[in-house]
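> model this:
(one chain, ligands or ions: 1)
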Amino acid sequence: MKKVMTGFEKDRMQGWEFRVMSFIFNAVDLVKSPNRRLDTFNIQKGQTIVDWGCGTGRYLKQASELVSDKGIVYAVDIHELAVKSANKMIKKFNLKNVHPCLTDGQSVSIPTHAADVVYALDMFHMVKDTKAFLTELCRITKKDGLLYLEDGHQPRELSKEKVNNSGCWDVFEETKAYLKCKPKDRTI
Ligand SMILES: C[S@@+](CC[C@H](N)C(=O)[O-])C[C@H]1O[C@@H](n2cnc3c(N)ncnc32)[C@H](O)[C@@H]1O
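Next up is the predicted model:
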């Protein structure tokens, strides 16, 4: 019988697509370690950080080490296979400070104004409701927190347009790899 997909299930990859992606990312990571990927995010010991769209969980080990046992890493994804991958990483590397969270793409069970740093890598192009997504990211980020947002597979101008239309983030710096954003105000 054909499975009828509802709500956010339609917004996420098929299981086979996630598995193909995992296979490719794992192969790429064998050639080039993902363990330096977060080096430019200035993550400090004791901070709370969020890997939104964590996928295979390839950055969780480095994130966990950077914040140390005094910090917290939330690993968020819309796909239950990603949560499964995050749990595998936690077990494999004994990452006691990493907490996987399944989201519907619009909200997540992370406290308000909890995060010092949020990063969303190679996933912005997949987000259907970008305003709801960016509003939720703003809710969970501290007043002086930062968002590192990669374009993913979309032009930079489109990423910036989406961020500006959200009304809750200011892009204050950009590199070839990402937009660096800060919350516009804390009324959200
Ligand atoms: C191409 S993968 C990238 C994974 C990881 N960030 C990386 O750079 O390796 C994109 C991930 O984003 C997730 N995703 C897509 N839309 C999402 C959303 N609205 N909220 C959370 N995760 C989402 C997908 O399920 C997938 O695991």
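
> For the longest strand belonging to the chain, which strands pair with it and how are they oriented?
Ranked by number of residues, the top strand in the chain under DSSP state E is strand 141-150. According to DSSP bridges, strand 141-150 forms sheet pairs with strand 115-120 (parallel), strand 178-183 (antiparallel).

> which stretch among the ones you listed comes nearest Leu137?
Of all the strands paired with strand 141-150, strand 115-120 sits nearest to Leu137, with 5.6 Å by C-beta to C-beta. Glycine gets a C-beta too; all of them are placed from N, C-alpha and C.

> out of everything not next to it in sequence, what's closest to the residue nearest the centre of the chain?
By C-alpha atoms, centre = their mean, the mean C-alpha position of the chain lies nearest to Trp52, the distance being 1.6 Å. Spatially, and ignoring its direct neighbours in sequence, Trp52 is nearest to Ala120 (4.3 Å; C-beta to C-beta, 6 or more residues apart in numbering).

> returning to what we had before: need the contact list for the residue nearest to the centre of the chain.
Val76, Asp77, Thr103, Val118, Tyr119, Ala120, Met123, Leu137 (C-beta atoms under 8 Å, 6 or more residues apart in numbering).

> And for the fifth one, the neighbour number?
The reference is to Tyr119. The local packing of Tyr119 (other C-beta atoms under 10 Å) involves 24 other residues.

> what about the chain, any weak spots by pLDDT?
1-10, 186-188 (pLDDT under 70).

> Show me the helices in it, by range?
Secondary structure of the chain (DSSP state H): helices located at 15-31, 60-67, 80-93, 130-140, 156-166.

> Using JSON lines, lay out the ones you listed together with mean neighbour count and distance to Lys182.
Shown next, in JSON lines, are the helices of the chain (neighbours: other C-beta atoms under 10 Å; distance: least, C-beta to C-beta, whole Å):
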{"stretch": "helix 15-31", "mean neighbour count": "12", "distance to Lys182": "29"}
{"stretch": "helix 60-67", "mean neighbour count": "22", "distance to Lys182": "20"}
{"stretch": "helix 80-93", "mean neighbour count": "17", "distance to Lys182": "27"}
{"stretch": "helix 130-140", "mean neighbour count": "20", "distance to Lys182": "10"}
{"stretch": "helix 156-166", "mean neighbour count": "15", "distance to Lys182": "11"}
